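> pasting the sequence and the predicted coordinates here, then a few questions.
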Amino acid sequence: MKSGPVLTQKGVKYREPEYWKFGEEGNKYFRHASGQLYAISRDLAAYISVNSPILHRYANEDVSLGAWFIGLEVEHIDDPSMCCGTPPDCRLKAEAGNVCVASYDQSCSGICNSVERMKAIHSSCGEGDDTLWNVDV
């Protein structure tokens with residue numbers, strides 16, 4: 001979960017073209033889920049599906065989701081134990097019977113070179129091809 005500054009400068013990564021909707025310059029976003037992994041309930045997915053024609057989309061999808069849910073009774077759960085930071089962390093969790101649903105590299109705000117690394121990450125964690133589809137979370 002985060003609440004960072006609304007970025008207004010042209011050419012900046014994650015710039016919000018509609019920054020004025022968040023108040024005066026220097027304001028922060030409301031607290032919202034962010035990062036490379038977040039999950040929503042079936043009910044919230046249905047809500048988005050039914051209401052998608054009238055839901056405003058901001059420049060960043062995590063901000064859009066946060067805006068859509070801000071007026072709803074939504075429980076936010078921040079559980080970093082579901083993520084592994086390094087392959088050794090992943091192996092230790094797997095040996096203990098815990099499953100990592102994501103690998104997160106702090107050095108690059110997520111998974112660096114994800115396309116090239118994904119197969120190696122799953123392999124080094126001892127996961128088979130169908131692991132993610134047979135997990136009890």
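Looks like it arrived, so ask away. Keep in mind the model is a prediction, meaning the values are calculated, not measured.
> check contacts around Leu7.
Leu7 makes contacts with 13-16, 19, as judged by CB atoms under 8 Å, 6 or more residues apart in numbering. From N, CA and C alone the C-beta is placed, and that goes for glycine too.
> if we use 7 Å, what do you get?
Contact analysis of Leu7 by CB atoms under 7 Å, 6 or more residues apart in numbering lists 14-16.
> from the residues you listed, which is closest to Gly85?
Taking CB to CB as the measure, Tyr14 is the one of these closest to Gly85, at 22.5 Å.
> quick one, phi/psi of the closest one?
phi 70, psi 20 (degrees, to the nearest 10).
> tell me where this structure has strands.
Assignment of strands within the chain using DSSP state E yields the ranges 83-84, 102-103.
> kindly reformat those strands as CSV containing distance to Val50, mean pLDDT and mean neighbour count.
Converted to CSV, the strands of the chain look like this (distance: least, CB to CB, whole Å; pLDDT from 0 to 100; neighbours: other CB atoms under 10 Å):
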stretch, distance to Val50, mean pLDDT, mean neighbour count
strand 83-84, 31, 78, 21
strand 102-103, 28, 72, 20
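> could you dump those strands to TSV with distance to Ala67?
Formatted as TSV, the strands of the chain follow (distance: least, CB to CB, whole Å):
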stretch	distance to Ala67
strand 83-84	25
strand 102-103	24
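> hang on, the earlier thing: make a markdown table from the contacts of Leu7 and add neighbour count and pLDDT to it.
A markdown table is the format used below for those (neighbours: other CB atoms under 10 Å; pLDDT from 0 to 100):
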| residue | neighbour count | pLDDT |
| --- | --- | --- |
| Tyr14 | 12 | 82 |
| Arg15 | 14 | 85 |
| Glu16 | 18 | 86 |
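> and this protein, what are its domains?
Under the assignment automatic domain parsing, the domains of the chain span 1-78, 80-134.
> compare these and say which comes out lowest on pLDDT.
The minimum mean pLDDT among the domains of the chain belongs to domain 80-134 (a mean of 70).
> great, nothing more from me.
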